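> the sequence isn't on hand, but the structure is:
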């Protein structure tokens, strides 16, 4: 019997998070840093929604429904090959990986904001670019290490989904993240109330509004540099007109 387990907001969260994490890795280049930062802020909003959804959302999306505990993990592992194993929401291993991914993703975003401000002089923490932190590479290294850890967790998550597909195909877990439906002998369906629907809709509108605002106003407080852009060619017109055909103009800082 088909049961509606993953609501539309839960699935939208899942695919938005997956898509934006992929985009974050694809924009990890110096010339795409502003877009990388926008994507990072978007991930923060998506994760914030998931925290609230884990408290206020439907049964199987709530953190209180996650089967934590050593005993539950042992039961899961001892019966992992059994055909009778049945978890309507997340299984114990998936619950731990899910929480780890949320925590690590938050830390990746926070370390990214620190790196953006301290080393690039941009965003909310750009004022720290004047401090003794300025020349430290520590925050970038932390950001990269956490990003690597997130990749490891994603690989574990995908491995879990694949193994469940092979070991327990009757529940159609992989398919459920597209359709929302899993198969069980009894009906286990959830239903969103009006408050949950309104909450999810408001958050989606806020997310899309932020996305539009950030791409159309890249001089906003979250992205702007504390330094004014310098047009070296305009400041050195004589050099450009007389010498630029043979010599390249570099900022004086390059020779410091």
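Happy to help now that I have it. Quick caveat, the model's predicted, so the values are computed rather than measured.
> tell me which residue lies nearest the centroid of the chain.
For the chain, the residue whose C-alpha lies nearest the mean C-alpha position (C-alpha atoms, centre = their mean) is residue 43; its distance is 3.9 Å.
> can you tell me the closest non-neighbouring residue to that residue?
Spatial nearest neighbour of residue 43, excluding adjacent residues (C-beta to C-beta, 6 or more residues apart in numbering): residue 20 at 5.1 Å. Using the backbone N, CA and C atoms, a C-beta is placed for each residue, glycine as well.
> against residue 12, how distant is the one you found?
In this structure, residue 20 and residue 12 are separated by 12 Å, where distance is defined by C-beta to C-beta, to the nearest Å.
> tell me which of those two has more neighbours.
When residue 20 and residue 12 are compared on other C-beta atoms under 10 Å, the one with more neighbours turns out to be residue 20, at 22 against 16.
> quick one: contacts of the helix or strand containing that one?
Element membership for residue 20 (DSSP states H and E) is helix 8-26. With contacts defined as C-beta atoms under 8 Å, 6 or more residues apart in numbering, helix 8-26 is touched by 6, 36, 39-40, 42-43, 46-47, 49-50, 53, 57-58, 61, 105, 147, 150, 154, 177-178, 180, 192, 196, 200, 204, 207.
> all strands for the stretch 101-250 of the chain, in order.
Secondary structure of the stretch 101-250 of the chain, counting by DSSP state E, counting those that start in this stretch: strands at 181-183.
> poorly predicted segments of it, please.
Across the stretch 101-250 of the chain, residues meeting the criterion (pLDDT under 70) sit at 134-135, 229-235, 248-250.
> mind running it again at 80?
Confidence mapping of the stretch 101-250 of the chain against pLDDT under 80 gives the ranges 130-137, 226, 228-250.
> and stretch 53-66, how far apart are its ends?
13 Å (C-alpha to C-alpha, to the nearest Å).
> which residues sit against it?
Residues from elsewhere that reach stretch 53-66 (C-beta under 8 Å, 6+ apart): 5-7, 9-10, 13, 88-90, 95, 98-99, 190-192, 195-196, 199-200.
> for stretch 93-107, buried residues please.
Neighbour-count burial for stretch 93-107, counted by 16 or more other C-beta atoms under 10 Å, picks out 93-98, 100-102, 104-107.
> since that was my last question, I'll sign off now.
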